Structures are given as C-alpha cells and as structure tokens.
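Engineer: Here is the input, now give the coordinates:
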Amino acid sequence: MSDAALQSYIDKWLAVQPQQRVALAFVDQKTYPGHIALAALEQEWLAAAYGIREPQVAATKLNWWAEELSGAAASGGRHPLTQVLFDDERAHVLPADRWVAPVLAGMAQLEEGTAADFPSQVAAASQLHGAIASLETAWWYGEQASPERATRVATLSHLLYSLLRLEEDAERDRLALPMARLARHSLSRQQLRTASAQREEAIRAQLDDLHAAWREADRLPGPLSAFRGLESRHGAALVSRARKAADPLDVLRKGQARQGPGVVWQAWQAARAWRKRVD
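Structural biologist: Sure thing, here's the model as predicted:
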C-alpha cells in the first residue's frame with residue numbers, strides 16, 4: 001500500500017470538510033489510523049452516492065464497495081482505506097452487515113427525487129447517513145453505544161452541505177429545498193440559480209428548520225466521534241450565523257472553509273468529549 005495513495009483519499013475528505021484538518025491535531029494519525037481511514041471511506045461512499053450524476057455509474061461504484069467490504073474480513077481488502085481499517089481488530093469485531101449497510105443504503109436512494117417537505121428530507125437522508133453513523137459510532141465506541149444522535153447530526157450536516165450546492169444542483173432530480181418550500185416561495189428550478197428575495201427567504205426558512213433540528217439533536221442519546229462532534233459544532237454555528245444574514249448563502253460558503261480560533265475551540269471540545277467518553 002502506498003502512503004501517497006492513502007493520503008490522496010484523506011485529502012479528498014479534507015477538501016470537502018477542511019475544518020477537519022484542525023481535528024487531526026487531536027486525533028493522531030499514528031495512534032488512530034483507522035479513525036481517519038473511516039472518515040475518508042465515508043467520503044468515498046458519499047461521493048459515489050451524491051457526486052456521480054448517472055445512477056448506473058454510481059450503482060456500479062457502490063456495488064464495487066459492497067463486494068470489497070463483504071470480503072475484507074477474510075482478505076484484508078484491496079483498497080488502501082479498507083486495508084488500514086481491517087488491519088485493526090475492531091473491524092473484525094463489528095458485524096459484516098454493519099460494513100455493507102451504508103453502501104446498500106446509498107444504492108437504494110440513488111434515484112430518489114426531491115422530498116415533499118423538511119421532515120421528509122430528514123427521513124429520506126437518514127437511511128444512508130444513519131447507516132454511516134451506526135458504523136462510525138460502533139467503531140469509535142463499541143456496539144453498545146447509541147447512534148441516534150450521530151444519525152441526526154450526519155443527516156443535518158448533509159442537508160446543510162446540499163444547501164451550499166443549491167445553485168450547482170438546480171438541475172438535478174433531488175433539490176436542496178423541499179417541494180413545499182419551493183411552492184411557498186414561488187420558486188422554479190431555474191430561479192434557484194440566481195439571487196432573489198424569494199430565494200433568500202426560502203433559504204432562510206430552510207436554515208430555521210435546520211437550526212431547530214440541530215437544537216433537538218443535542219438532546220438525543222449517544223456519543224459523537226471527534227470528527228462528527230466538530231462537524232456538528234461547526235455546522236450548528238454556521239447555520240445560526242447564516243439564518244440572520246442578509247445573504248445567507250454567502251455566509252454559508254465563506255464559513256464552510258473557516259479554520260480560525262473558533263474552529264480550534266470546537267475541535268478541542270469535540271475531542272475532549274470523545275476522550276472523556278472512552279476514558
């Protein structure tokens with residue numbers, strides 16, 4: 001296995017979540033290589049499930065992952081990320097279906113259209129992100145730990161990221177805003193591409209729902225990984241700022257790449273919660 005090949009997948013994850021570079025200061029790569037490999041693997045699954053526009057191509061990619069993970073316990077895996085993960089004893093302790101579940105959930109939602117309303121959005125996205133959160137929680141904390149809070153945070157983080165891509169994904173079957181919100185603000189697909197008073201109101205309404213849902217998520221049972229904990233703190237703070245801004249989409253885009261002292265504090269808090277739980 002090439003270190004450069006492995007690093008390329010980690011870099012792809014960090015390109016989507018640049019704030020996690022700060023978290024790496026608290027999750028040492030030599031001590032916890034599997035924790036980092038799992039985060040990068042999750043990004044590979046999400047890139048296949050959401051980033052490939054042709055469903056058949058995405059299905060082929062995900063099917064490859066299903067085959068890879070089904071045999072990884074016996075073979076050790078062919079992919080650099082799989083090899084790192086299955087070099088760790090905890091990968092062999094987890095049930096085989098725990099590894100395959102996110103891939104199957106990704107395949108199941110490939111051709112889903114735009115959700116009717118915000119609760120439907122959350123329910124639909126929870127299938128894939130819940131499977132990922134369940135695997136992640138079991139990896140970091142063991143099978144006995146509840147994945148409920150991680151599932152909700154992973155789902156909300158996905159909906160927030162989708163909102164960041166509102167303009168780019170305006171022609172896709174699955175839009176970042178639910179149908180009821182588009183209808184309420186008299187928005188067409190084409191109108192999502194350009195700024196307008198109606199679009200800003202719709203984005204702000206979506207952010208209001210995300211803000212309320214994030215507050216509820218904090219009351220759910222279960223721990224968060226250090227990476228998920230930072231993602232949650234960063235996402236919740238970003239939503240809180242953007243919903244009050246004149247141009248919420250601009251605030252979201254600029255805030256996504258922020259890595260200042262506030263992110264360091266969020267990363268430290270997330271890592272502290274993780275260490276306190278496992279120690």
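
Engineer: Let me see the mean pLDDT of the longest helix seen in the chain.
Structural biologist: Secondary structure of the chain per DSSP state H: the longest helix is helix 118-141. In this model, helix 118-141 carries a mean pLDDT of 98.

Engineer: Which helix or strand lies directly C-terminal to it?
Structural biologist: Per DSSP states H and E, the first helix or strand lying C-terminal to helix 118-141 is helix 148-164.

Engineer: Now do that next one and helix 118-141, the angle between them.
Structural biologist: Using axes from the mean of the first three to the mean of the last three C-alpha atoms, to 10 degrees, the direction of helix 148-164 lies 130 degrees away from that of helix 118-141.

Engineer: Give me the distance between the helix or strand that helix 148-164 is followed by and the centre of its chain.
Structural biologist: On the C-terminal side of helix 148-164, the nearest following helix or strand under DSSP H and E is helix 179-184. The chain centroid and the centroid of helix 179-184 are separated by 25 Å, computed with C-alpha atoms, centre = their mean, to the nearest Å.

Engineer: Show me what the helix or strand following helix 179-184 is packed against.
Structural biologist: Sequence-wise, the next helix or strand downstream of helix 179-184 (DSSP H and E) is helix 197-217. Applying 3 or more C-beta pairs under 8 Å, 6 or more residues apart in numbering; DSSP states H and E, we find helix 197-217 packed against helix 118-141, helix 148-164, helix 179-184, helix 226-242, helix 248-256. (Glycine included, C-beta is placed from N, CA and C.)

Engineer: Near Leu187, how many other residues are there?
Structural biologist: By the criterion of other C-beta atoms under 10 Å, Leu187 has 18 neighbours.

Engineer: now do Val27
Structural biologist: Val27: 22 neighbours (other C-beta under 10 Å).

Engineer: Just the element for it, please.
Structural biologist: Under the criterion of DSSP H and E, Val27 resides outside all helices and strands.

Engineer: separation between it and Gln17?
Structural biologist: 13 Å (C-beta to C-beta, to the nearest Å).

Engineer: From the contact counts, what lies against the longest helix of the chain?
Structural biologist: Under the contact criterion of 3+ C-beta pairs under 8 Å, 6+ apart, helix 118-141 touches helix 33-51, helix 96-108, helix 148-164, helix 197-217, helix 226-242, helix 261-278.
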